[in-house]
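> Here's a sequence, model it:
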Amino acid sequence: MAKTEGPGRADIQAVSRASRILGLFHVDRSELVTADVAIELGLNRTTTHRYLTSMASIGLLGPGSRLSSYVVGPLATKLGAIATNSAEVLSVAPRHMAALSDELGATLVLSLWASTGPMVVHVAEPRTPNAVLTIRTGTVLALSTAQGVVFTAFLPPGSSHLDQRRERLAPAARDAFDAEVEKAREECLSVSVRREHGVVTVAAPVFDGEGLCATVAVVGLVGSTLDTVTPERSRRIRELAALLTEELGGRVPEATRRP
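Here you go, the predicted structure:
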């Protein structure tokens, strides 16, 4: 009788280790360094490097901002979108984002709510010679970002440990965050100016037939033209969010208003 073939112990171990590596990502850790992964998994660096490069070759991981570092890859991001029933927005948003990115001369970002927080799933950069911000797909954003504020404003209470993440904030920071959330809920928009990082972000919610499915944001450098540029970017990103919502068959909640 022929022996039935099945996965060997080595194959099962490889899958287990790959899943453990992906499990190291969380809201406060969007990038993994080979040396750290080796320590946490109890492996030598050569074996760890082999796993990480193999996962990167199939899209589960992507190159990080530092040498021998990795972020969530496009395949893992796609699977996450499918798991959160948000794959449709990825088929609709990119062409609109590319056009607006060129018009504004700024980077546009589409984010989904993952178990680790707001995750960047698509980036559109303008085809201009000017300096632009580069944001990596798979980056997990902090709750205090404009995208995090918008998700908090429109996700149902308790969504994917949302309340626990809010509770991590210091009391003063939590009060300021709650005020930003309420403002975003009223205006369907959040503006975040991080002068310490030199970045200004304007984010708006995108809805499908089930409710909030994504946020779309324009990200630029803080400069002397900030006061004149931000209002126009706010208007255009709100218009883009409304267009995507319409194409996805969604509806903006009646409790919100658009100034």
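
> Tell me where the stretch 1-150 of the chain has helices.
Secondary structure of the stretch 1-150 of the chain (DSSP state H, counting those that start in this stretch): helices located at 9-22, 34-41, 45-57, 74-83, 87-104, 146-154.

> I'd like those helices as TSV, with mean neighbour count appended.
C-beta coordinates here come from the backbone N, C-alpha and C atoms, glycine included. Listed next are the helices of the stretch 1-150 of the chain as TSV, based on neighbours: other CB atoms under 10 Å:
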stretch	mean neighbour count
helix 9-22	13
helix 34-41	16
helix 45-57	15
helix 74-83	17
helix 87-104	17
helix 146-154	27
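
> Comparing those helices by mean pLDDT, which bottoms out?
Lowest mean pLDDT within those: helix 74-83, a mean of 69.

> now stretch 128-145, how far from the chain's geometric center?
9 Å (CA atoms, centre = their mean, to the nearest Å).

> Any stretches of the stretch 151-259 of the chain with poor pLDDT?
Applying pLDDT under 70 to the stretch 151-259 of the chain picks out residues 158-161, 196-197, 223-228, 254-259.

> Show me what whichever strand or helix holds residue 232 is packed up against.
In this structure, residue 232 is located in helix 226-247 according to DSSP states H and E. Counting contacts by 3 or more CB pairs under 8 Å, 6 or more residues apart in numbering; DSSP states H and E, helix 226-247 is packed against helix 87-104, strand 190-194, strand 199-208, strand 211-221.

> relative orientation of it and strand 211-221 in degrees?
150 degrees (axes from the mean of the first three to the mean of the last three CA atoms, to 10 degrees).

> quick one: buried residues of helix 226-247?
Buried residues in helix 226-247, counting neighbours by 16 or more other CB atoms under 10 Å, are found at 229-230, 233-234, 236-238, 240-245, 247.

> still on that earlier bit, same list, the helices and strands packed on helix 226-247, but as a markdown table with distance to residue 46 please.
Listed next are the helices and strands packed on helix 226-247 as a markdown table, based on distance: least, CB to CB, whole Å:
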| stretch | distance to residue 46 |
| --- | --- |
| helix 87-104 | 36 |
| strand 190-194 | 39 |
| strand 199-208 | 38 |
| strand 211-221 | 38 |
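
> out of those, nearest to residue 155?
strand 211-221 (5.8 Å; CB to CB).

> Can you list the buried residues in the closest one?
212-221.

> Give me the distance from that strand to the chain's centre.
9 Å.

> how many degrees apart are that strand and strand 199-208 in direction?
160 degrees.

> Which elements pack onto strand 211-221?
helix 87-104, strand 107-114, helix 146-154, strand 199-208, helix 226-247.

> For the shortest one, the averaged confidence score.
It stands for strand 107-114. 89.

> Partner strands of that strand, with direction?
Using DSSP bridges, the strands paired with strand 107-114 are strand 117-124 (antiparallel), strand 211-221 (antiparallel).

> can you give me the angle it makes with helix 87-104?
With the same axes, to 10 degrees applied, the angle from strand 107-114 to helix 87-104 works out at 160 degrees.

> how long is stretch 122-141 end to end?
Stretch 122-141 stretches 13 Å from its first residue to its last (CA to CA, to the nearest Å).

> Return the alpha-carbon coordinates of the helix holding residue 232 using CSV.
Provided in CSV are the C-alpha atoms of helix 226-247 (Å, rounded to 0.1, in the frame of the first residue of the first chain):
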residue,chain,number,x,y,z
LEU,A,226,0.6,75.1,5.6
ASP,A,227,-2.3,77.5,6.3
THR,A,228,-3.1,78.0,2.7
VAL,A,229,-2.7,74.4,1.6
THR,A,230,-4.5,72.5,4.4
PRO,A,231,-8.0,73.9,3.7
GLU,A,232,-7.8,72.9,0.1
ARG,A,233,-6.4,69.5,0.9
SER,A,234,-9.2,69.1,3.5
ARG,A,235,-11.8,69.8,0.9
ARG,A,236,-10.4,67.5,-1.7
ILE,A,237,-9.8,64.6,0.7
ARG,A,238,-13.3,64.9,2.0
GLU,A,239,-14.6,64.9,-1.6
LEU,A,240,-12.5,61.8,-2.4
ALA,A,241,-13.9,60.0,0.6
ALA,A,242,-17.4,60.8,-0.4
LEU,A,243,-16.8,59.6,-3.9
LEU,A,244,-15.3,56.3,-2.7
THR,A,245,-18.3,55.9,-0.3
GLU,A,246,-20.7,56.4,-3.1
GLU,A,247,-19.0,53.8,-5.4
